[in-house]
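> Provide a 3D model corresponding to the input given below.
(chains A, B, C and D, ligands or ions: 2)
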Amino acid sequence: MNQDLVFSMLFALMLATFVGFAVIQNVSRLLHTPLMSLTNAISAIAVVGSILIAGEQKDALTTVLGGIAVFASVTNIVSGFLITDRMLKMFKEKGPKS
Amino acid sequence: MNQDLVFSMLFALMLATFVGFAVIQNVSRLLHTPLMSLTNAISAIAVVGSILIAGEQKDALTTVLGGIAVFASVTNIVSGFLITDRMLKMFKEKGPKS
Amino acid sequence: MSEIVTHLSYLAAATLFIFSLRWLNRPASARRGVAAGVAGMSLAIFGTLLHPEIITYSWIAIAAIAGIAVGYPLSRVPLTAVPQRTAISHAFGGLAAGLVGTAKYLIWLHEGELTSFRVGAIVVEVLLGFLTFTGSLMAAGKLQEIIPTRPITYRGQNAVNFLLLAIAIAAGLGLILDPTRAYLFPVVIALSLSFGVLLIIPIGGADMPTVISLLNSYAGLAAVAMGFVLENQLLIIAGALDGASGFILSVIMCRAMNRSFTNVLFGAFGQVQAVAGAVEERVMKSASAHDAADYLANATRVVIVPGYGMAVAQAQHRVREVYDSLTKRGIDVKFAIHPVAGRMPGHMNVLLAEADIPYSALLEMDEINPDMPQCDVCVVVGANDVVNPAARADKTSPIFGMPIIDADKARVVIAIKRSKNPGFAGIDNALFYAENTVMVFGDAKGVIAEIATALKDEESAAAA
Amino acid sequence: MSEIVTHLSYLAAATLFIFSLRWLNRPASARRGVAAGVAGMSLAIFGTLLHPEIITYSWIAIAAIAGIAVGYPLSRVPLTAVPQRTAISHAFGGLAAGLVGTAKYLIWLHEGELTSFRVGAIVVEVLLGFLTFTGSLMAAGKLQEIIPTRPITYRGQNAVNFLLLAIAIAAGLGLILDPTRAYLFPVVIALSLSFGVLLIIPIGGADMPTVISLLNSYAGLAAVAMGFVLENQLLIIAGALDGASGFILSVIMCRAMNRSFTNVLFGAFGQVQAVAGAVEERVMKSASAHDAADYLANATRVVIVPGYGMAVAQAQHRVREVYDSLTKRGIDVKFAIHPVAGRMPGHMNVLLAEADIPYSALLEMDEINPDMPQCDVCVVVGANDVVNPAARADKTSPIFGMPIIDADKARVVIAIKRSKNPGFAGIDNALFYAENTVMVFGDAKGVIAEIATALKDEESAAAA
Ligand SMILES: NC(=O)c1ccc[n+]([C@@H]2O[C@H](COP(=O)([O-])OP(=O)(O)OC[C@H]3O[C@@H](n4cnc5c(N)ncnc54)[C@H](OP(=O)(O)O)[C@@H]3O)[C@@H](O)[C@H]2O)c1
Ligand SMILES: NC(=O)c1ccc[n+]([C@@H]2O[C@H](COP(=O)([O-])OP(=O)(O)OC[C@H]3O[C@@H](n4cnc5c(N)ncnc54)[C@H](OP(=O)(O)O)[C@@H]3O)[C@@H](O)[C@H]2O)c1
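Ligands and ions are numbered 1, 2, ... in the order given. Reported below is the predicted structural model:
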């Protein structure tokens, strides 16, 4: 395992943590529930690893594990983004009638 | 040149740009002059490259170039941090006599 | 060449994820944030599918279709079930991380490609992943009340848990020192699965929202670990964003409840329920919905404080009717939103938005408190702890120090709840016995509907 | 092993740099920020010195000692010279980047290690580095008024500049396509050196602060490019932080002047100086320092608006005496700080802090403007454009739209300047002719000293 690469991942982790804190602290309090479901969907990025395992088909067992992982991740992606959008659609600056 | 490494540097650039904007936008307006001299000192990080060139001593010309670069960077480091601290020392929440 | 495209799409995906969360900073740009998230995820998938090591797409396609089939209905759950849905979603996320880690271990074991670094990253990924999996399932069960919600404790519980953790870590270290000790791997899996269960058992159902946010954080960290396993920065970045979000939300909740992490995780809160009623019978003034409507009709400034009861009763649409009637008469109506009103962060905002109440009428606690003394009528709809003045005054109260909405400072307080029972924290609330408070007992939906009708009747009477 | 230590120290250094800038968010933590920066830089140097490729430390040590010898005096310059110092510092930074890039090219050329990617990064580094070098020297010269400050323009200037740029880019592309075309390298160097000069020539001296911030940004980008050359993330991160800072500061300046980047860079501002005085002789009311002291002594609320003139006259310590006298009498004194008062961002804050005025008395434009109508006496000390009401009202004014401090809304305005000459923007200021304005002509330091003495005399007279 290449040392440069390990450290470049540590750099990414350090920077992303700063970005994460900065960005999340600015999220409007109004939207904390949609925030939970949006990060839910984003954390389904595990789909990347799952696809590789399911597609490589090294052996039956790992293919099954990968397939389940793809299923679980896609479920999260679909339900996470859809429910976030469903909630956000409800937020209106001015009520429709008033 | 390893492709993974190039992209890991691009990731670092992207993330650091976000961090930079987030952090600088939070700097107090009171301190914009010290900010200028502090970033000045930090950008003297070029000292890293300069030291390598001056120390490797591949040939006379590059050693001289590296030496000048070390000189220029160290000048910036020393003057940048010192003047920033000098300015910041002057900022007081309450004046000494009042 | 295809490798460059993959790299580029990962880079773009990471950038889009950051923008996605950034745009949640205000409602006007929030839907753009979802679009950015979808675009980022599509790019990530696209880039992954280009990978030359993938030899067949059929299993991927089948699993993805199954995922869509399950994911779609999960996105249509009623808003009251959002906490449970979130918990299940974390369980799925943890499961995926755990399975990918396990598969990677098996593949590399077979190919002789295991290094200590790789095994270390895999162990972290698997531990966090499976712990999140069972822990989130338990949390979902408690929220849905399939599993008993009361905290289950026994002597030596923490000792047992820490012992298990120590064994798991020892097994992990054993694997790192000699990656081929494959028999240790199932041990790690089994321990992390049971750990998830054991950690949640002693925590009360009502603390589940904080636990869910923490599990969100763990799911993020599992993704980070997967990033180290697969040497993939996109996973690290997305995981870190997720981890930061879960962490910040749980800190916000703890702070707004004036409790520490340790207290939430090990405090077995809600166990002793209702030490309350030192039975010094105090008197509540009770009134009818009609009386409440009269108070409201004669007010100039009204503040509505919604709480968990409004969510349970699904009363938000009736609240909207009252809001409409009153604003039509020129009465100024504002909603005071406490950061932990309800059972998840932002709960009240979502419900009121669902009922088409403009978010400009929703004020945060800190914004509205200075104006409470100018408020004529404050309507407390199924809120309790978040308006309990003991938090300000009574040093012995378990919620002392928690910031509250100063409902008691309004000229008249109308409190709507079903009974004299306490709220989440299980303690009595002096507000309900105060001079200027009248209680309207009943289900929030029913009561508010009556108030709305009374107001409308009066209107048509006046018009006629 | 030493490699891991190097990597770890770089990682820690990058983290410390971020904290360093973060802690500048308020004065109380700002000095900790400097400490973090110093620690980060020390770690970076330490990690670099461990590098096994370094065969001798003697040249490094000599160069470093020379750097310290020059750097220390540069840190003791008077505060009025800070813009020049900053410019020189950017020049040094650009020079270092350019030289390192050149040396790397030569070394790799010799060793046959050049790839297109490497040459591409080197070309960017060298272009930005040398351009920053000469550009910053020019800027420093204009600020120090060694070089004529007025913009020098001629027909076809932009065409010539763009032609040179095109040639430089073509040469760079030629190098990238065939890295061994060493004869193209000096062309790139020469063009970027001349480019730095040519770009600054048409910009007026007074626009130098904005230019300096932009050059700051370029210096940062040069460091980023160096990071790509040396495959070093620390350089990329530090460079990006620097680039963001320079960019944001120049945007703030442009916005506060209501001008665009293009206008600053190509507008040749300050060239046509003083189209002013359409010579409709209007009358200014002139008064003595003694009169001014009387106005002040009878006020309840005083606002002082400092500007470039206070900096030039070094009047801040006298201002402090007046501030002390007035506050001792119980008069409320505040300072109104315009974002571009003076000649660099934050200029006034530093000067007033130097004079020991507490920063709680310094208010930003947006904070103080709503209170200006309640202000009894507003003292304008060497400020001009930043209090010019034409920015609010006169659509034809070149500064129309620039946000200003509403000095004209105060009951009485006392304006201190040496003459009837215009300020930076070269335009007349209706404030000085207004009904409620009195002018006290003279050098700011002298006038304010007289006012301070008058106030003290009065005090001792009252005491006697
Ligand atoms: N939001 C979060 O993220 C979060 C997370 C963790 C914990 N918490 C905790 O949850 C609590 C939230 O406070 P809260 O004031 O919103 O709620 P609460 O203190 O739990 O009180 C809810 C009240 O609503 C009433 N109620 C229940 N069902 C009702 C119905 N159908 N109609 C009318 N009234 C009904 C209950 O009284 P009756 O039974 O008499 O009707 C109860 O007093 C806080 O203690 C907070 O710390 C919140
Ligand atoms: N701060 C920044 O970052 C920055 C950057 C770029 C451009 N600028 C520009 O700089 C200007 C700053 O506005 P400003 O109001 O501070 O300054 P200004 O508009 O340049 O006016 C300064 C005034 O001070 C007077 N003065 C000069 N020397 C003096 C002395 N020794 N004693 C007393 N008075 C003296 C001058 O009048 P007399 O000659 O009659 O004495 C002049 O009217 C703005 O136009 C801004 O856009 C600022």
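> residue contacts, residue 20?
This is for chain A. By Cβ atoms under 8 Å, 6 or more residues apart in numbering or on different chains, A:Gly20 lies in contact with C:21, C:240-245. C-beta coordinates here come from the backbone N, C-alpha and C atoms, glycine included.
> Chain C was what I was after
Residues near C:Ser20 by Cβ under 8 Å, 6+ apart: A:38, A:42, C:33-34, C:36-37, C:40.
> Read off the pLDDT value for C:Arg22.
C:Arg22 carries a pLDDT score of 96 in this model.
> and after the helix or strand harbouring it, which helix or strand comes next?
C:Arg22 is part of helix C:2-22, with elements assigned from DSSP states H and E. Later in the chain than helix C:2-22, the nearest helix or strand by DSSP H and E is helix C:27-49.
> The top helix by length along chain A: which residues count as buried?
Looking only at chain A and at elements set by DSSP state H, the helix with the highest residue count is helix A:60-90. Neighbour counts over helix A:60-90 (16 or more other Cβ atoms under 10 Å in any protein chain shown) mark A:62-88, A:90 as buried.
> Also stretch C:341-359?
By neighbour count, with 16+ other Cβ under 10 Å as the criterion, the buried positions of stretch C:341-359 are C:341-359.
> So which residue is smack in the middle of the chain?
Using chain A here. By Cα atoms, centre = their mean, chain A has its centre lying nearest to A:Ile42, at 1.4 Å.
> Please refer instead to chain C.
The residue at the geometric middle of chain C, judged as the C-alpha nearest the mean C-alpha position with Cα atoms, centre = their mean, is C:Met344 (3.7 Å).
> what's it in contact with, if anything?
By Cβ under 8 Å, 6+ apart, the contact set of C:Met344 is A:32-33, A:36, C:82-83, C:86, C:209, C:212.
> That one belongs to a strand?
No. With DSSP: H, G, I helix; E, B strand; the rest coil as the criterion, C:Met344 is assigned coil and is not in a strand.
> quick revisit: restrict the helix holding C:Arg22 to CA atoms and write it as CSV.
The C-alpha coordinates for helix C:2-22 follow below in CSV (Å, rounded to 0.1, in the frame of the first residue of the first chain):
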residue,chain,number,x,y,z
SER,C,2,-12.0,5.2,-18.7
GLU,C,3,-10.0,5.5,-15.5
ILE,C,4,-9.7,9.3,-16.0
VAL,C,5,-13.4,9.6,-16.6
THR,C,6,-14.1,7.6,-13.4
HIS,C,7,-11.8,9.9,-11.5
LEU,C,8,-13.3,13.0,-12.9
SER,C,9,-16.8,11.9,-12.1
TYR,C,10,-15.8,11.1,-8.6
LEU,C,11,-14.3,14.6,-8.2
ALA,C,12,-17.4,16.2,-9.6
ALA,C,13,-19.6,14.1,-7.4
ALA,C,14,-17.7,15.1,-4.2
THR,C,15,-18.1,18.8,-5.2
LEU,C,16,-21.8,18.3,-5.9
PHE,C,17,-22.3,16.7,-2.5
ILE,C,18,-20.7,19.7,-0.8
PHE,C,19,-22.9,22.1,-2.7
SER,C,20,-25.9,19.9,-2.0
LEU,C,21,-25.5,20.4,1.8
ARG,C,22,-24.5,24.1,1.4
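> which parts of chain A sit against chain B?
When proximity is defined by Cβ under 8 Å from any Cβ of the partner chain, chain A lies next to chain B at A:4-5, A:8-9, A:11-12, A:15-16, A:18-19, A:22-23.
> quick one: low-confidence ranges for the chain?
Picked chain A for this. In the predicted model, chain A carries pLDDT under 70 at residues A:1, A:95-98.
> my question was about chain C
C:266-281.
> Over to C:Ala336. Which of the three states is it?
Following three-state DSSP, the label given to C:Ala336 is strand.
> Spatially nearest residue to residue 74, not counting backbone neighbours?
You didn't pick a chain, so chain A it is. C:Gly67 (2.7 Å; Cβ to Cβ, 6 or more residues apart in numbering or on different chains).
> oops, chain C please
The spatially closest residue to C:Leu74, leaving aside those adjacent along the chain, is A:Ser79, at 3.8 Å (Cβ to Cβ, 6+ apart).
> if I pick the one you found, what's in contact with it?
When the contact criterion is Cβ under 8 Å, 6+ apart, the partners of A:Ser79 are A:41, C:70-72, C:74-75, C:85, C:89.
> one more time with 10 Å
Each residue near A:Ser79 by Cβ atoms under 10 Å, 6 or more residues apart in numbering or on different chains is listed here: A:37, A:40-41, A:44, C:67-68, C:70-77, C:85-86, C:88-89, C:92.
> C:His290 now?
By Cβ under 10 Å, 6+ apart, the residues touching C:His290 are C:440, C:450-451, C:453-455, C:457-458.
> between these, which has the most around it?
Across the contacts of C:His290, the neighbour count under other Cβ atoms under 10 Å in any protein chain shown reaches its highest value at C:Ile451, namely 30 neighbours.
> quick one: what helix or strand has that residue in it?
Judged by DSSP H and E, C:Ile451 forms part of helix C:444-463.
> elements contacting that helix?
Contact partners of helix C:444-463 among helices and strands, from 3 or more Cβ pairs under 10 Å, 6 or more residues apart in numbering or on different chains; DSSP states H and E: helix C:289-297, helix C:308-313, helix C:316-328, strand C:377-381, strand C:412-417, strand C:437-441.
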